[in-house]
Structure formats: structure tokens, C-alpha cells
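Engineer: Give me coordinates for this.
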Amino acid sequence: MNKVRLLFSAALLVGVTAFAPAQLKTERAAESDRIQQNIHKLDLLYTIVPLALQKNQYNDLLTGIETARGRQMDELKKEDDDLASVDGDVSQAIDSATQKGVPPSQTVQKKIADIFAAAQSRRTTLGEQMVSDVYDLIHEHLNAGQRKVMAETFPASALGSGVKASDIPEERKIRYYIRTVLLDPAAYPLLLEMSKHAP
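Structural biologist: Residues are numbered from 1 along each chain as shown. Got it, this is the predicted structure:
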């Protein structure tokens, strides 16, 4: 990305892990990135295809995801504005440190810390709102069998010690599915394409 932004999506959604450190790039890095992205798409499709969604259900899901993505975009714009507000202070602090040996002031550090703390707090609330945008539509428009398919993807790794999958409410499992699958940035274009071929 060309500009610094808080890692909003990373706090909510599952991303593709790179094999090599981000600062190192080989001549085939772009090709490898593309392949990893496609592998990630397959991971998503592995849990989406069994839902056997109808065209109208795709449309309902896409509507909920669009609403959630709108909320996310508003937050990202807010984070951009917040970061821009300290850009001058940060640049000046870097110049003072590198050219004059002056450590960054606590005032600048506090401004930055406050921005990140506020963003983290908003993200926590917003993440639940985004999931609810989609969950409400799923509860209304998908049948019990489709909701069961979503719930059954709940991973054993998310269970606490001694906790059985049967002890976890279905709603919690579906909300996990929404957060990790349907709200993944790669899911929307896949769902959109699948909707074009759905019965």
C-alpha cells in the first residue's frame, strides 16, 4: 500500500501469510503473491460452495456485506484523517532524531498512542456491527441446513480446554463464520461471481 494506515482488516479478517519477509522481494514475488491469493480463495470456497446458495440468497448476503464494507470504509477514512493529523509531528520528530540526535518527545508518542488506542476501541465495536449486518440477513433468508453448514466450520482450535463443539451456541459459530469467511476481503468478489451462475 502506498500510504500508512492502521491495520484495520487484520484485526477482523483472515489474511494470507507470506512465506518470505515482507521487505524482501524476488523477481517472481508478484507471481507467488497471485498464487497465494488463489490458494486463499480456494480455502474460502471450500466453506462457501457447500452452502448451495440460491441467486436470491446470494443477493441478500451481498447486500449485508456491502453494508458492512460501507461501515469499514467510513472507519478507514477516519483513520486516514487521524494519521494525517500527526504526519507533520512525526516527520519533524524523525528529522530531529536523525539529524540532531533528539529522541522523539513523549508528546508525540502520546498523540500516536491515543490515535491507535481510539482506533482499536472503534474497531472492536465496529467488528461486531459488521458481523451483525450479515448475521441478521442470514438468520432471515438462509435455511436451517445452510446455517448448520456454517456452524460446522467452527474450528476445534477455537474451543477452550474441555469445551465441546456442542456446547457452543450456533449463533456464535455462525458469527465466527461471517467474520472469518464472508467478511474476508476476497469473499465478496467470489460471491458476486457465483451469484451470476446460481439457479
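Engineer: C-alpha from now on. contacts and neighbour counts both.
Structural biologist: OK.
Engineer: right, and the helix or strand after the helix or strand harbouring Asn38?
Structural biologist: For Asn38, the enclosing helix or strand under DSSP states H and E is helix 29-48. Sequence order places helix 55-100 as the next helix or strand after helix 29-48, per DSSP H and E.
Engineer: gap between that next one and the chain center?
Structural biologist: 13 Å (Cα atoms, centre = their mean, to the nearest Å).
Engineer: for the record, mean pLDDT for the helix or strand following it?
Structural biologist: Next in sequence after helix 55-100, counting helices and strands by DSSP H and E, comes helix 106-141. Confidence for helix 106-141, expressed as mean pLDDT, is 94.
Engineer: Please identify the buried residues of helix 106-141?
Structural biologist: 111-112, 115-116, 119-120, 123, 126-127, 129-135, 137-138 (16 or more other Cα atoms under 10 Å).
Engineer: Check stretch 163-170 too.
Structural biologist: 165, 170.
Engineer: Give me the below-cutoff pLDDT ranges for this structure.
Structural biologist: Within the chain, the stretches with pLDDT under 70 are 1-23.
Engineer: Pull the number of nearby residues for Val49.
Structural biologist: By other Cα atoms under 10 Å, the residues close to Val49 number 11.
Engineer: again with Leu44
Structural biologist: Count around Leu44 with other Cα under 10 Å applied: 18.
Engineer: Pull the residues that contact stretch 63-75.
Structural biologist: 123, 126, 129-131, 133-134, 137, 182-183, 188 (Cα atoms under 8 Å, 6 or more residues apart in numbering).
Engineer: Could you save these as CSV and add columns showing distance to Tyr58?
Structural biologist: Supplementary listing: the contacts of stretch 63-75 in CSV, determined by distance: Cα to Cα, whole Å:
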residue, distance to Tyr58
Arg123, 27
Leu126, 23
Gln129, 20
Met130, 17
Val131, 16
Asp133, 15
Val134, 12
Leu137, 11
Leu182, 11
Leu183, 14
Tyr188, 10
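Engineer: Looking at those residues, point me to the pair that's furthest apart.
Structural biologist: Distance extremes for these: the farthest pair is Arg123 and Leu137 at 21.7 Å, using Cα to Cα.
Engineer: Run through the residues that contact Pro50.
Structural biologist: Val149.
Engineer: From Val102, how far off is it?
Structural biologist: 59 Å (Cα to Cα, to the nearest Å).
Engineer: Ok, Lys196 next?
Structural biologist: Relative to Val102, and taking Cα to Cα, Lys196 is found at 59 Å.
Engineer: for Asp95, same thing?
Structural biologist: On the measure of Cα to Cα, Asp95 and Val102 end up 9 Å apart.
Engineer: next one: Glu171
Structural biologist: Distance of Glu171 to Val102, computed by Cα to Cα: 53 Å.
Engineer: Thank you kindly, that will do.
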